[in-house]
Each structure stands twice: as structure tokens, then as C-alpha cells.
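Student: fold the stuff below for me.
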Amino acid sequence: ATGAAGVGGGRARRGAGFPGMWSAKMFWRVRCLAALALLCGAGLGAEPAAGAEDAGRKKLDETLISQLYQNVEPVDVEKSRELLSKLQIAHFEFEYDSIKGRRQVGLLPEDVQDVIPEAIDVAATRTFPPQEPGGKMIKLEQFPSVNKDVVFMHNVAAIQAIATSLKIATADLSQLLEHREQMDVLYEELHRRLALEADAQAVERRKLAEAEAEKARLQVAKAKAAEDEGARILAARESAEEKRLQREDELARERAVLADLSERNRTLEALAMQRETAEAAAQQALERAKELSERRTLLERKLEEKKREADVSRAEAEARAKALLLRETKDIRERKAAAEAEAERKRLLETVSTIMDRLGNAVFYVLEEPSRVFAFVMSIVGLVAVTMVSREASAMVRRLIEASIGRPQLLRETSVSGGWLSRLLRILGLYVVVDLFGSLLAFFRGGSVTERESVEAHFADVVLPELTKERVILAARISKGARHMKAPLRNVLLYGPPGTGKTMVARRLAEASGLDYAIMSGGDVAAVGSDSVRQLHALFNWANRSPKGLLLFIDEAEAFLASRARAMSEETRAALNALLYHTGTASSRFCLVLATNRAEDLDSAVLDRMDDSMNIALPEAPQRQAILTQYMLQSFKPWEDAPEGKAGSSGLFVRGIRRLPVGEGLTQDEVDKAALKMKRFSGREISKTVSSLYSAALCASGSKLTLELFWQLLHDKLDEHAEKERMLGAATGVDRDGLFGVLNDVSSGELTADDSPPELDMRSKKGGARKKQAKKKG
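Tutor: Numbers count the residues shown, from 1 in each chain. Model (predicted):
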């Protein structure tokens with residue numbers, strides 16, 4: 001009755017402690033109540049020992065309770081436990097405490113309001129004793145406080161919920177223990193049965209062994225009996241013994257039939273795999289024989305190639321003689337060029353002085369009045385805007401019209417400006433401003449016209465072997481002279497491994513000769529199919545209309561100019577005949593430059609039309625050092641002993657990548673050592689290596705290329721290069737670059753008979769062994 005009264009009517013009462021807080025005495029009451037709940041839970045099943053007098057008092061109390069309280073319902077104890085778990089107990093100091101600065105533990109009204117609103121009482125007025133002696137009483141209105149009885153009753157309900165959960169958990173634990181005991185019994189029974197089965201199998205194996213031993217013993221006895229008693233008795237015993245042994249064998253096979261089924265299936269699968277392996281080996285042997293035949297044909301072709309290379313060597317000897325003559329006259333040309341440059345410099349200084357004087361007078365005239373300054377600035381802005389818009393619009397219109405009606409479809413790139421379309425645009429006046437801007441840009445960029453038009457200037461940053469570079473420059477001079485004299489142009493064949501710069505040499509050759517250039521790929525001819533002949537006729541007709549002359553560069557020429565002795569489609573054969581038709585006689589309008597990795601595959605008629613053949617081989621050690629230094633200086637800032645003038649030209653309005661710094665220890669000697677290690681690397685592979693170094697340095701700490709990072713990435717690239725050569729060598733049976741890379745190393749002195757690649761030695765030994773085996777079989 002007291003507890004119910006606390007829950008129902010305790011809101012109007014105040015606690016004995018400080019108002020608005022839950023004092024420490026309440027926690028001692030909660031702890032006592034928890035102990036009481038445990039004791040009550042333990043005695044739930046006990047029978048009451050009260051007598052008749054207690055029963056009468058209980059009945060009297062129930063009557064009183066039923067008269068006092070109405071609409072009684074049970075409390076949700078789980079909800080009370082959930083509400084109490086959300087309350088936050090805090091340490092605090094009360095402002096109007098009689099003991100100043102004392103810290104208390106309890107519940108704050110604002111925390112209880114959010115969780116248990118019915119536990120908050122609000123008093124209209126509340127007075128507190130003064131803080132100082134002789135002061136006035138402190139009076140607060142609408143003062144909130146926590147009803148401890150409500151919170152206490154929720155604690156009783158939560159403890160009942162915890163006691164119920166504990167009882168359920170105890171029952172579950174008992175069930176789990178019983179289940180474990182049952183599983184232990186089942187495990188012991190299973191272990192006993194497995195032991196019995198193992199003993200039975202051991203007995204069976206022992207019987208089989210005894211039968212085999214008995215069989216061997218009888219065979220020995222049979223042999224002795226045959227010697228003593230003769231063939232007749234031996235035959236009879238053998239017959240009887242065979243029957244008995246046959247019976248025993250049948251019994252043994254019946255006992256082991258189940259065990260043999262799985263083994264028999266595995267044996268059948270193994271036999272099937274062996275049969276497939278044998279068939280695959282036979283197929284590989286046939287393919288190997290076919291490969292040997294192809295290699296024999298390849299060797300014959302290489303012999304023919306060596307004969308052609310002998311002719312090329314003679315031509316190279318003549319070129320060396322001409323180069324020697326050019327070197328002897330080089331000093332004279334340099335002195336003449338220096339004198340011309342000095343005269344041109346003086347003329348240029350006088351021109352600049354005159355221009356600056358006139359510009360100064362114009363500036364003073366403009367600055368006299370502010371309106372003139374504004375008009376001048378707006379004029380400059382308008383001129384620049386008109387220049388840029390006119391140039392971009394004319395270029396866009398020219399490209400659109402050329403793409404639709406001008407340029408042949410087989411071309412991938414060309415420097416031809418459009419012929420009649422360019423003249424039409426000039427008549428309209430759209431090229432006037434563009435040409436003026438281009439002339440000024442050329443004037444500020446690079447010095448005199450004579451220097452920029454010189455042939456050597458176009459090959460200044462091209463790294464090639466000395467003799468090859470001299471031959472290329474000589475061919476450019478011959479083409480330039482032939483263009484001026486309207487003489488027939490010479491066709492050139494560039495052959496060598498991939499990535500050695502054949503396309504770049506063709507472009508520079510066209511620029512140095514003063515010719516327009518057009519680039520196409522041999523693989524594009526097969527893509528157009530039956531229309532290839534018409535496209536080639538249109539291409540050569542377009543080349544004949546070039547006003548400056550045209551250098552037609554055909555990359556991957558072996559794609560449609562292969563030998564007609566091989567099997568090829570009718571479209572490819574027709575395309576080859578069309579090209580031969582247009583190149584039967586030398587022309588002063590266009591010339592051909594063919595690039596191929598396999599010159600031996602070209603048709604003999606195509607080779608006959610080539611006037612010069614140049615082997616663009618892999619770079620030697622000096623060339624690798626120059627190429628690596630040039631690419632490094634284009635991507636990184638110069639180091640201490642870096643050579644000057646290796647990073648390429650960088651003039652007005654020329655954009656480049658942001659060059660990164662290098663760490664200490666990275667010198668020119670380290671770069672040269674790295675280039676020496678990059679044997680049989682092409683120019684393209686060196687460029688990709690420097691690109692990887694730049695990417696790694698960009699992601700490194702401080703965006704700097706350190707010496708450790710430089711060598712780490714270089715070793716990775718060397719391993720990748722060796723792995724590529726190994727894979728390509730295993731696939732083709734020859735080195736990655738065929739004879740190109742090996743002959744290049746031998747000629748440069750980097751590769752001798754003692755340090756040749758072990759793959760070549762192994763292949764030569766295997767080839768000799770195969771030839772001996774073929775002779776024996778023959």
C-alpha cells in the first residue's frame with residue numbers, strides 16, 4: 001500500500017534532499033531494493049508460514065486496497081528497464097546549496113523530462129536560506145524537481161525484469177548442458193564404430209597377404225615337384241592349384257571390388273589424358289616440322305638480304321667518301337655562315353633601332369592625350385582579337401572543306417594547305433593578318449631566314465649514327481636541289497627495328513627539302529577492300545597537283561607491298577599493281593619514302609623502285625647517351641654538369657611540361673652509365689623510360705627525382721625489356737629485332753663473339769642438332 005501510494009500520489013510531495021536533484025541517499029535505497037528483489041526471487045516457490053491470523057489481516061488489507069485504488073493494471077517492467085537505461089547520472093554543484101562548492105551525484109530535471117516526464121514536479125514557489133548571514137531568503141518560482149518515488153518504482157520494475165531474464169538464461173544454460181552430454185555419448189559411439197571398421201579392414205588386408213604368400217609357396221613347391229615327378233604329375237597339380245588359386249582370386253576380387261571402382265575410374269581418366277597428351281605432342285611435332293621448313297625459307301631470304309646489304313655497303317662507302325669531302329669543306333662553310341650571320345645581325349640591329357625610334361615617337365604622341373591612349377589600347381586589343389578569330393575560323397573552314405572534298409581518305413596526316421582553297425582564302429583577305437602574325441613570330445623566334453632554311457638546322461636535334469645522319473642530310477640536299485631544278489625526285493627505303501625514328505626522319509626530310517609531306521599506313525589499304533585501287537589512284541592524282549612537291553611516306557609498307565610470290569588477296573594484289581603503275585618512272589612532283597620492319601618481305605619490283613636504302617638501326621652507346629640526356633633535360637631541370645643546348649628549342653609562345661628538379665648525386669656520369677646499360681633499346685623505349693621516371697618523380701615526396709629512384713626504375717625497365725625479348729624470341733624463334741639489333745651491336749663494338757646473348761648460342765646449337773637429326777632421318 002505504501003509503494004502504490006508513492007507511485008500514485010507522490011507528485012505533490014518534495015524530497016528531503018536538495019530540490020531539483022536526486023541525492024546520494026536514493027542510490028543506497030536502490031541498492032537495498034536490489035538485494036531485496038534477489039531474496040524475493042529466490043523464495044518465489046516457498047510456501048508462506050503465516051497462520052490464520054495473518055490470513056485474516058491479508059484479507060483485511062486487500063479489502064482496504066480495493067476501496068482506496070481503482071483501475072489497477074500491471075506495469076511493463078521491460079519498458080521501465082529501457083527508460084532507466086536512457087537516464088544520465090551526472091556530478092553537479094547546486095547554486096543555492098547550504099554548503100558552498102559541494103559536488104553531488106544525481107539526475108538533472110532536463111534529462112528526466114525527456115525520458116520520464118511524469119517524474120518531474122514543478123512547484124509554484126520555493127524558498128532557500130540566504131547564502132550570507134543576515135541576508136534575505138531566496139525565493140524561486142516555477143521550480144522543477146525530480147520525484148524520487150516515481151523513479152524508485154521504475155527501479156523496482158527494472159529489477160523484476162532483470163530477475164526474470166536471469167531465470168530464463170539459467171533454464172537455457174541447463175538445456176545446453178544436457179545437449180552437450182548427449183553429443184558426448186554420440187561421439188563416443190561413433191569413435192567406437194570407426195575403430196571396429198579399421199580393425200576389419202586390417203584383417204582383410206592380412207588375409208590377402210597370407211593368400212599371396214601361400215600362392216608363392218605353392219608355386220615353389222610346384223617347381224620342385226615338376227623336377228622330381230615329371231611333367232604329367234606337374235600338369236595335374238598345376239590344374240588343381242590353378243583352380244584353387246582362381247577361386248581364391250575370385251573371392252579376393254569380390255572383397256576388393258568396391259575399393260577398385262574409384263581407382264579404375266581414375267586410371268581411365270589418366271589414360272584419356274595421356275591419349276590427349278600424345279595427340280597434342282603429335283600435333284606439335286607436325287607444327288615443329290612446318291616451322292623448320294619456314295625457318296629454312298627464312299634463312300634463304302636472309303642470304304638474299306645479305307647480298308642486297310653488300311650493295312648497300314658499297315653505296316655507304318660512296319656516301320662516306322662524299323661525307324669526307326663535305327667535312328673538309330665544313331670549315332669554309334662555317335666561316336662563310338658566320339660572316340653572313342654577323343652581317344645579318346648588324347642589319348637586324350639597325351632595323352630594330354629604327355623600329356624602336358619610330359615606336360618611341362609614336363608612344364610619346366599617344367601619351368600626350370589620354371583619349372589617344374585609350375584609342376591605341378582598344379586598337380591593339382581589336383587587332384589581336386581579329387587576328388586570332390580570323391586564324392581559327394579560316395583553319396576550321398579549311399579543315400572542313402578539305403575533309404569533304406580535298407584530301408584523300410587514305411591519308412592520316414599532311415602538311416598540304418589545300419591548293420585552290422588556300423588561294424581562295426587569300427583572295428578573300430583572311431590570310432593577310434595570319435601571314436603577318438606568322439612572319440613576326442618567325443622573326444622573334446629564330447634569327448635569319450638563311451639559318452632557318454638550312455638543311456642542317458632541320459636535323460640539329462635528330463640523334464642518329466654519324467654515317468646514317470650524313471646520308472640523310474645528303475638525301476635532303478639532293479631532294480632540295482632536284483625540287484629547285486625541276487629534276488626527278490628520289491625514292492627512299494627506311495628499314496630497321498620499330499621505334500628507331502623512321503617517321504621522324506621522313507618528316508624532317510620533307511621539311512629540309514622544302515616539300516609538303518603526307519603520311520599513310522599500309523594497313524589502311526586492306527581496310528578499304530575493293531575500293532583500294534580507286535583510293536590509290538585518287539591519292540597519286542592529288543600528289544601530282546601539289547605546287548611545292550610532295551613526299552609520300554608509307555608506314556608499315558609490307559602490309560600491302562609484300563612479295564607477290566606469296567599468297568595474297570586479289571584486292572591487295574590490285575593495290576600493289578596500282579602503286580607500281582604510278583611509280584614506274586621517276587617524278588618531279590612526288591617521291592616515295594617507305595618504312596618497314598621487314599624489308600625482305602617487300603616485292604622485288606618495289607625494291608627496284610627505291611633509289612636509296614637506309615638502315616635506321618638501334619642507337620649505339622653514344623647515341624643512347626645523347627637521346628637519354630635530351631629527353632631528361634626536356635622533363636627535368638638541368639643538373640650540375642648537364643650539357644647545354646640539349647633540351648631542344650624553347651622560343652616565344654612555345655609551351656612545355658613543367659620540368660621537375662633532380663636530387664643530389666644525379667650527374668651526367670650517372671645518366672651516361674644508365675645509357676650504356678640500355679643495350680638494344682630503341683628511341684621510343686628510351687622516351688617511355690624517361691616518361692616513367694617523370695611520373696614516378698611527380699608522385700614522389702617533394703616531386704623530385706632522386707638517384708635511388710632513378711636507378712630503381714631503370715632496373716625495372718631493364719628487366720621488362722629483357723622479358724619482352726625473351727617472350728618474343730620464344731614466340732618467333734629469333735631475336736626480338738632479328739639481325740638488326742645484333743648487327744648493330746657488333747658494328748658498334750658493344751657485342752662480340754664472347755659476350756653474345758646466350759639465347760642466340762642456344763638457338764644455333766639447337767639448330768645444328770635439328771639439322772643432324774634431319775640428315776639421319778633422310
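Student: what's the longest helix in the chain?
Tutor: helix 148-229 (DSSP state H).
Student: rounded mean pLDDT for the helix or strand following that one, please.
Tutor: Downstream of helix 148-229, the first helix or strand assigned by DSSP states H and E is helix 231-255. Mean pLDDT, helix 231-255: 77.
Student: what of stretch 537-550?
Tutor: Mean pLDDT, computed over stretch 537-550, is 89.
Student: same question, stretch 131-146
Tutor: Average pLDDT, stretch 131-146: 82.
Student: show me how far it is from its chain's centre.
Tutor: From the chain centre to the centre of stretch 131-146 is a distance of 76 Å (CA atoms, centre = their mean, to the nearest Å).
Student: could you do stretch 121-139 as well?
Tutor: Chain-centre distance of stretch 121-139: 78 Å, with CA atoms, centre = their mean.
Student: still on that earlier bit, and the angle from the longest helix of the chain to helix 231-255?
Tutor: Counting by axes from the mean of the first three to the mean of the last three CA atoms, to 10 degrees, helix 148-229 points 170 degrees away from the direction of helix 231-255.
Student: elements contacting helix 148-229?
Tutor: helix 2-9, helix 24-42, helix 77-86, helix 231-255 (3 or more CB pairs under 8 Å, 6 or more residues apart in numbering; DSSP states H and E). Where C-beta positions appear, they are placed from N, C-alpha and C, glycine not excepted.
Student: one more pass at 10 Å, please.
Tutor: Packing partners of helix 148-229 (3 or more CB pairs under 10 Å, 6 or more residues apart in numbering; DSSP states H and E): helix 2-9, helix 24-42, helix 77-86, helix 109-115, helix 231-255.
Student: mind checking how far H154 is from E110?
Tutor: Using CB to CB, to the nearest Å, H154 is found at 18 Å from E110.
Student: same check, this time on S371
Tutor: 75 Å.
Student: next one: E188
Tutor: Taking CB to CB, one finds E188 at 64 Å from E110.
Student: A321 now?
Tutor: Distance from A321 to E110, by CB to CB: 106 Å.
Student: with V593 instead?
Tutor: On the measure of CB to CB, V593 and E110 end up 91 Å apart.
Student: could you do R598 as well?
Tutor: Using CB to CB, one gets 89 Å for the distance from R598 to E110.
Student: between those two, which one's more packed in?
Tutor: The neighbour count for R598 versus E110, taken as other CB atoms under 10 Å, is higher for R598 (14 against 9).
Student: for the more buried one, which non-adjacent residue is closest in space?
Tutor: Leaving aside its chain neighbours, R598 sits nearest to E558 (5.3 Å; criterion: CB to CB, 6 or more residues apart in numbering).
Student: and the one you found, that's in a strand?
Tutor: No: judged by DSSP: H, G, I helix; E, B strand; the rest coil, E558 forms no part of a strand; its state is helix.
Student: just the pLDDT for it.
Tutor: 90.
Student: and for V150?
Tutor: On pLDDT, V150 comes in at 87.
Student: go on, R192?
Tutor: R192 is assigned 84 on the pLDDT scale.
Student: let me know how buried it is, in neighbour terms.
Tutor: R192 has 9 neighbouring residues, counting by other CB under 10 Å.
Student: ok, V220 next?
Tutor: Neighbourhood size, V220 [other CB under 10 Å]: 9.
Student: okay, it and A213: tell me how far apart.
Tutor: In terms of CB to CB, V220 sits 11 Å off from A213.
Student: who's in contact with the closest residue to V525 other than its chain neighbours?
Tutor: Once flanking residues are discounted, V525 sits nearest to F560: 4.3 Å by CB to CB, 6+ apart. F560 sits next to 521-526, 532, 536, 554, 568-569, 571-576, 579, 603 when contact means CB atoms under 10 Å, 6 or more residues apart in numbering.
Student: what's the neighbour count on L579?
Tutor: Here the number of neighbours of L579 (other CB under 10 Å) works out to 24.
Student: so where does the spatially closest residue to it that is not a sequence neighbour fall, helix or strand?
Tutor: Distances taken as CB to CB, 6+ apart place L536 nearest to L579, at 6.1 Å, with adjacent residues excluded. L536 is part of helix 532-544, with elements assigned from DSSP H and E.
Student: now do the buried residues in that helix.
Tutor: 532-533, 535-536, 539-540, 542-543 (16 or more other CB atoms under 10 Å).
Student: now stretch 680-700
Tutor: For stretch 680-700, a neighbour-count test (16+ other CB under 10 Å) marks 680-683, 685-690, 693-694, 696-697 as buried.
Student: what do you get for stretch 298-318?
Tutor: Neighbour counts over stretch 298-318 (16+ other CB under 10 Å) mark 305, 309, 312, 316 as buried.
Student: quick revisit: now the residue nearest to V525: how far from L576?
Tutor: Here the criterion is CB to CB. By it, F560 lies 6 Å from L576.
Student: which neighbours do those two share?
Tutor: Shared contacts of F560 and L576, counting by CB under 10 Å, 6+ apart, come down to 525, 532, 536, 568, 603.
Student: tell me the pLDDT at the nearest residue to the second one once chain neighbours are set aside?
Tutor: The spatial neighbour of S532 that comes closest, neighbours along the chain excluded (CB to CB, 6+ apart), is A575 at 4.3 Å. The pLDDT attached to A575 in the predicted structure is 90.
Student: again, but for T583
Tutor: Per-residue confidence (pLDDT) for T583: 91.
Student: excluding chain neighbours, what is closest to it?
Tutor: Per CB to CB, 6+ apart, closest to T583 is R609, 5.1 Å.
Student: hmm, that neighbour is touching L594, no?
Tutor: Yes: if you go by CB atoms under 10 Å, R609 and L594 touch, sitting 9.3 Å apart.
Student: now the common contact residues for the two.
Tutor: By CB under 10 Å, 6+ apart, R609 and L594 have these common neighbours: 491, 493.
Student: more crowded one of these two?
Tutor: L594 (27 against 17).
Student: how close does the closest residue to that one other than its chain neighbours get to T297?
Tutor: The spatially closest residue to L594, leaving aside those adjacent along the chain, is A557, at 4.1 Å (CB to CB, 6+ apart). A557 sits 21 Å away from T297, going by CB to CB.
Student: neighbour count winner among these two?
Tutor: Using other CB under 10 Å, the more surrounded residue of A557 and T297 is A557, with 28 against 10.
Student: what sits against the more buried one?
Tutor: Contacts of A557 (CB under 10 Å, 6+ apart): 493-495, 520-522, 579, 592-599, 601-603, 606.
Student: now do 6 Å
Tutor: The contact partners of A557, by CB atoms under 6 Å, 6 or more residues apart in numbering, come to 522, 594, 596.
Student: so the last one makes contact with Y495?
Tutor: Yes: counting by CB atoms under 6 Å, a contact exists between T596 and Y495, whose distance comes to 5.3 Å.
Student: now H191: how far from D184?
Tutor: Distance, H191 to D184, using CB to CB: 11 Å.
Student: go through the buried residues of stretch 680-700 and name the one nearest A285.
Tutor: Distance to A285, by CB to CB, is smallest for R680 among those, at 32.9 Å.
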